[in-house]
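Colleague: Quick one: sequence plus predicted model below, questions after.
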Number of protein chains: 4
Amino acid sequence: MQDLFKRNKGLKTNDNSGLVNKTYGRRINKNGTPNVKHKGVNFLKRYSWYHTMLNLNMFQFIGFFLLFYLFCNIIFASIYYWIGIEYISGISRGSKLHDYVQLFFFSAQTFTTVGYGRITPIGSLASLTATVEAFFGLMIFAIATGLFYGRFSRPRAFLQFSNNALVTPFKDKTAIAFRVSPYKNNTLSNVEATLTAAITFNENGEHKNYFYHLKVETPKLTNLMIDWTVLHEIDENSPFYNIQSHDFKTTNIELIVQIRAFDEVFADDVVQKTSYFRDEFIIGAKFKPMHFPDENREYTIVNLSLINEYEKVDLPKYSTPTS
Amino acid sequence: MQDLFKRNKGLKTNDNSGLVNKTYGRRINKNGTPNVKHKGVNFLKRYSWYHTMLNLNMFQFIGFFLLFYLFCNIIFASIYYWIGIEYISGISRGSKLHDYVQLFFFSAQTFTTVGYGRITPIGSLASLTATVEAFFGLMIFAIATGLFYGRFSRPRAFLQFSNNALVTPFKDKTAIAFRVSPYKNNTLSNVEATLTAAITFNENGEHKNYFYHLKVETPKLTNLMIDWTVLHEIDENSPFYNIQSHDFKTTNIELIVQIRAFDEVFADDVVQKTSYFRDEFIIGAKFKPMHFPDENREYTIVNLSLINEYEKVDLPKYSTPTS
Amino acid sequence: MQDLFKRNKGLKTNDNSGLVNKTYGRRINKNGTPNVKHKGVNFLKRYSWYHTMLNLNMFQFIGFFLLFYLFCNIIFASIYYWIGIEYISGISRGSKLHDYVQLFFFSAQTFTTVGYGRITPIGSLASLTATVEAFFGLMIFAIATGLFYGRFSRPRAFLQFSNNALVTPFKDKTAIAFRVSPYKNNTLSNVEATLTAAITFNENGEHKNYFYHLKVETPKLTNLMIDWTVLHEIDENSPFYNIQSHDFKTTNIELIVQIRAFDEVFADDVVQKTSYFRDEFIIGAKFKPMHFPDENREYTIVNLSLINEYEKVDLPKYSTPTS
Amino acid sequence: MQDLFKRNKGLKTNDNSGLVNKTYGRRINKNGTPNVKHKGVNFLKRYSWYHTMLNLNMFQFIGFFLLFYLFCNIIFASIYYWIGIEYISGISRGSKLHDYVQLFFFSAQTFTTVGYGRITPIGSLASLTATVEAFFGLMIFAIATGLFYGRFSRPRAFLQFSNNALVTPFKDKTAIAFRVSPYKNNTLSNVEATLTAAITFNENGEHKNYFYHLKVETPKLTNLMIDWTVLHEIDENSPFYNIQSHDFKTTNIELIVQIRAFDEVFADDVVQKTSYFRDEFIIGAKFKPMHFPDENREYTIVNLSLINEYEKVDLPKYSTPTS
């Protein structure tokens, strides 16, 4: 590693990556978020609840609202119970639980503004509570409406990355390669890949992080219709030059990937990130093809189940990482 | 074709088009979507249902929701029926069908939160189901609201392309020309046309695709108010140089068009694509005018019914495609 | 005018303005829309109803929905009447008009999902109609919700232009000047002004339009907080060089203005256009100041009622337009 | 100050800052809004009520709607009262206040479309009013829905700035430094800082403002995950060169900061501004660190409560401001 450090000493580092440099872990998580936690800021300020609601999956999201609905009805049923069940007309009296359950249903009918009317408030306090509850219910559904829209209109790239980055033969040399493919019926154009390498060197017993901007073969595509193998050639200007196999396992080598593209339906730029770290590098392999013409050669099939498929290959002699 | 290939051999190809190159069909469909299908990804992941709902026409969209509404009411009516009709008060009893239909109407009144109240739930299970149904109904209308907004706020260019691309006289030479015009009351500025040619050459018995970026006469307009004839001059740097008439019919020659513009109402960049393939090229023709001053020469009329109108003309001798 | 044409003959024209050039009227209307009409495209396709609804003022918009609501209720009331008033329970019978009016109210209660329940459908056909109407009503309010949001979230620059463009003294020469100011509590940054001149010359008895890109003094501002006087110096490279006063009245001289800025609340670029034509040019005038420090010199007051205020001044001798 | 002015006389000023230059106060408020007021434009035109509603905090916003709801019900209750309580069935008669309160609840049930139906309109005028009220209520909730969405979907940077800008040691010289950190779970990339200095010089007894664009060390970051100390080195090209401590207190020295970044969830550029004025500059201090690796060095902790922490330090001799 010392050796690697010396070799790469002269390379131009990228000092405006803005990445963190004091940990041994990855800087960017696999899903593209930064590996950072905030402290010293109160809970409400720390989280954008809008961003949080957008990141829930559909079941969590519906579940959250269903629980909230249940919770609100329990609260309001309790208020009606406290006011007195005699101020709510139309309830067939029974046990305390039975009465409470009736009030729960009355609350739900008010909250959703169904208002069948078999059960209605008659006293002023009960009527006022119902007045507030109906308003509150409508506000909640107004918020839900906005969140639903925010969820499905959120511009996303819908890109799938290969699980591994390969050290692969390229021309007569080697290259770092990973694969990315759109998997939905969205249309991306003006696509650009930006690659940053983060390497921790042991410098006089102290660990230091260095960041390098990596040169990409064909960094921009006009259209992204099929899978795209993004390649960084390992030449003498690459921080991966003459790197050894085990370095990928033992060192904090991280490849940070950002894809930026224009989505034609959202009419907006979308960004997706990922990173490859330690075990996610495969030395000496190449990707198997994943797109084919159909039988009649009329259209192209992209088979996403093959995106992680590679085969082991020998690397060119003079650039083979040695262990 | 061999000849054509040889002539064009030296031309600079465009290797970052990102277009597919193993089929005989068109790369980009007439409506601008890529001619690609995805496999190996499950149904739910493959389609962005939001993109799908946005691409339905208004009748399909309303129809979809109407059917879904029908479906939900059938489901909930069945649940109420299973719970027992005696737990729903206000129903005039009759045949099984009659009872079921009444429950269907009760369900609809709950789902839409109309809740007239003539028919109301009295048992706990029926009331609970109604509680859930009203919540569910409101959620569905929240989603519908978001989709409606997504549909009509979706930034689109609203451009109409001519059906054909012409090989047309231009100065003393020839040019490839097509026509594009806005057809709605939207306002486009900073418009840019990008043209890519895809040509399949027969190289030693094997078909190979080459992509070329085409130079456009006046590729950018500050305003797009009337029709715009986009021209690519066929000079010695063009992949269409000395091409023969029948090449357009027999070869995989495709002209891929992308128009990008700023829409002032959406305050966003919009993109529209199309492509011209084989029979869609007309050799030796020019477009008839489609915009005129009004009688009093006070404003300009753009007549979109003339967008496809052309007349046959002779091409300049020395650049006439020969058959 | 001939003379003017000859003088300006050598100037570089702007051939990618995309403006229309066969009418005697203005190319861009005062409100920034193009002076163009579409034909040959059917009504539904010609108008983006979304753009149209966004351009209504608030009273027209509410009025439109109120009328539509009235219209729907008349239609549905008629259907209920046709089905038979005996299938709607709870109506106190009276004259035909009285009955119809009751059905109208029942329809409104269904459409808005109020559903008091005093009047309720009892027959299957009436119930089915109510089922459809409640669905339809909710859809309409879903659309209204989207339109409301579209209306007030539409990114707009909220700029006021001076009514007139002045030919004003500038340094030792003259300049074309107009004034623009934000008038709302929005915040604009990275503002850019683009000016195009359109001039019709009489060339051998035929009228021809020429377009010129005009050089602007300080065409970009980092912030637009107060009024901004946009200046185009009339030097030997300007198409207005040595132009005569009456030319502005008699010729199709048009100054087309586009302001583009980044709005920090919408987080989006916004564009606003206008044009100055014929009588809207004032020869020999300068704008009166319209922003002042407050009494304590702590903040700045922008007085928008002064935006059109100018005073007549003499132009520098050697560049005075002559009549 | 005279001296400072003479020294800096030769520096290139920034004449397209668009900032105001006739007051003694700050140009940009601490929260980033311009220190400007509009006059001569009527109330409705002066404020974008949408921008205003978006700038309310959540309690003000909900409170506003609750008050408006109260207000509407009072108005409609009064109308029903004026029409005559005998046209509203289901009300148990009592005192005038009792009757009015009943009508208030009926109004609320109509406005929210709950419509229990115990209280219902029977006369035509009362029914018509209810018809209008239900429509109006739905419209209000449509507007509320849009505003909720507008509020939480509004692209914002969620950046916290340090309260003070420091004159801090940097290499062997001094620099102006402030600190900025994201505090929410949003993700910013392609971040850019733009710094402008505004300085008022006393020139022959008259105060004149000059604006300078400040050179920033590393003005762009690819990612903004942790705190960022933005630095402007005070070298001979800086308007702060050899400036004296008391100048910061007595002169109108203002540092105007704009951060622009791409938010990956909103998929949009966001901008946040602030300014440092007079007492907000600290001479001779440096920021204490505010991010640390966690115990296991697996992720990074950003402690926002430390953002304003600095310690006093000596500045390098030859560039120490003198008093």
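Modeller: Arrived safely, thanks for sending.

Colleague: contacts, neighbours, all on C-alpha from now
Modeller: Will do.

Colleague: can you give me the strands in the stretch 1-150 of chain A?
Modeller: A:36-39, A:88-89, A:120-121 (DSSP state E, counting those that start in this stretch).

Colleague: Just name the most buried of those strands.
Modeller: Of all those, strand A:120-121 carries the top mean neighbour count, a mean of 24, counting by mean count of other Cα atoms under 10 Å in any protein chain shown.

Colleague: Point out the other helices and strands that it packs with.
Modeller: If you count contacts as 3 or more Cα pairs under 8 Å, 6 or more residues apart in numbering or on different chains; DSSP states H and E, strand A:120-121 packs onto strand A:88-89.

Colleague: ok, residues contacting the strand it packs on?
Modeller: The contact list for strand A:88-89 (Cα atoms under 8 Å, 6 or more residues apart in numbering or on different chains) reads A:Y80, A:R118, A:I119, A:T120, A:P121, A:I122, A:G123, A:A126.

Colleague: Can you list the strands that it pairs with?
Modeller: strand A:120-121 (antiparallel) (DSSP bridges).

Colleague: Going along the chain, name the helices of the stretch 1-150 of chain A.
Modeller: Along the stretch 1-150 of chain A, counting by DSSP state H, counting those that start in this stretch, helices occupy A:2-8, A:43-46, A:49-55, A:58-83, A:96-111, A:124-153.

Colleague: For D:Y276, find the nearest of the strands of the stretch 1-150 of chain A.
Modeller: strand A:36-39 (25.3 Å; Cα to Cα).

Colleague: Direction included, what does that closest one pair against?
Modeller: Strand pairing (DSSP bridges) places strand A:36-39 next to strand D:300-303 (parallel).

Colleague: After the strand it pairs with, which helix or strand is next? Please name it.
Modeller: Next along the chain after strand D:300-303, taking DSSP states H and E as the criterion, comes strand D:310-312.

Colleague: max-length strand in chain A?
Modeller: strand A:188-203 (DSSP state E).

Colleague: now for it, which elements pack on it?
Modeller: helix A:2-8, strand A:206-214, strand A:220-224, strand A:254-263.

Colleague: go again using 6 Å as the cut-off
Modeller: strand A:206-214, strand A:220-224, strand A:254-263 (3 or more Cα pairs under 6 Å, 6 or more residues apart in numbering or on different chains; DSSP states H and E).

Colleague: that older thread, make TSV out of the helices of the stretch 1-150 of chain A and add mean pLDDT and mean neighbour count.
Modeller: Shown next, in TSV, are the helices of the stretch 1-150 of chain A (pLDDT from 0 to 100; neighbours: other Cα atoms under 10 Å in any protein chain shown):
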stretch	mean pLDDT	mean neighbour count
helix A:2-8	55	15
helix A:43-46	72	13
helix A:49-55	82	16
helix A:58-83	95	16
helix A:96-111	94	23
helix A:124-153	92	22
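
Colleague: Turn the ones you listed into TSV, including distance to chain C.
Modeller: Shown next, in TSV, are these (distance: least, Cα to the nearest Cα, whole Å):
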stretch	distance to chain C
helix A:2-8	41
helix A:43-46	20
helix A:49-55	17
helix A:58-83	20
helix A:96-111	12
helix A:124-153	10
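
Colleague: what about these, which gets the closest to chain B?
Modeller: Between chain B and those, the shortest gap by Cα to the nearest Cα is with helix A:124-153, which sits at 4.4 Å.
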